[in-house]
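In: I would like to see how this sequence folds:
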Amino acid sequence: MDRPSSGSDRSASLQERYAARSICFGCGPANDQGLHVRSFPRGADDDECVCDWTPEPHHQAFPGALNGGIIGTLMDCHSNWTAAYRLMRQAGADRPPTTVTADFHVRLLKPTPSGDPVHLSGRVAESTDDRATIETALSSGDVVTATCRG
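Out: Sure, this is the predicted structure:
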């Protein structure tokens, strides 16, 4: 991960603060064609991060429904940053460790509408010194349409 672009800027996402040059398709700020997932810690603890993301028409599986692969990518990247932030805070470090997803399991509970923003909430379920398991929910409005654990 890159050095923070502005560690004191709380309006910047975790990705913008700690990996501004990342080209990851899902969350890389430097990928012009990427999804630009922007994860933010929620509250004073380090156990939850949230993200609001707005689909574009080319993210659809069919008219009105968000593509399942896009949903998986959103959840993978957001969960990974939730884990990295937890591990950083847990270690008392000034930047997150480089992390990769070992495995993750997505459940598509119902079609996710593609015409409205989606909300992701990732919470630490378990953690050790060098890894964390995250449970993430993706919702449209007040309806959870997908979950992920990994």
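
In: Need the per-residue pLDDT for the residue lying farthest from the centre of the chain.
Out: Centroid-distance maximum for the chain: residue 63 at 24.6 Å, with C-alpha atoms, centre = their mean. pLDDT for residue 63: 98.

In: Quick check on residue 80: phi, psi?
Out: Phi and psi for residue 80, reported as degrees, to the nearest 10, are phi -60, psi -40.

In: Does it touch residue 101 like I think?
Out: Yes. Residue 80 is within contact range of residue 101, at 5.5 Å (criterion: C-beta atoms under 8 Å). The way it works is simple: take the backbone N, C-alpha and C, and place the C-beta from them, glycine included.

In: between these two, who's got more neighbours?
Out: residue 80 (25 against 13; other C-beta atoms under 10 Å).

In: helix, strand or coil for residue 43?
Out: Of the three states, residue 43 takes coil under DSSP: H, G, I helix; E, B strand; the rest coil.

In: Okay, and the most centrally placed residue in the chain sits in which element?
Out: Nearest to the geometric centre of the chain sits residue 78, at 1.1 Å (C-alpha atoms, centre = their mean). Here residue 78, judged by DSSP states H and E, is contained in helix 68-91.

In: Report the buried residues of that helix.
Out: For helix 68-91, the neighbour count (16 or more other C-beta atoms under 10 Å) marks 70-88 as buried.

In: Check stretch 24-44 too.
Out: So stretch 24-44, judged by 16+ other C-beta under 10 Å, has buried residues 24, 26-29, 34-41.

In: Check stretch 53-71 too.
Out: 53, 55, 59-60, 65-67, 70-71.

In: ok, and what's touching that stretch?
Out: 35-38, 74, 106, 108, 111-118, 120, 138, 145-146 (C-beta atoms under 8 Å, 6 or more residues apart in numbering).

In: Next: stretch 122-136.
Out: Counting by C-beta under 8 Å, 6+ apart, 39, 46-51, 75, 78-83, 86-87, 90-91, 97, 102, 120-121, 147-150 sit against stretch 122-136.
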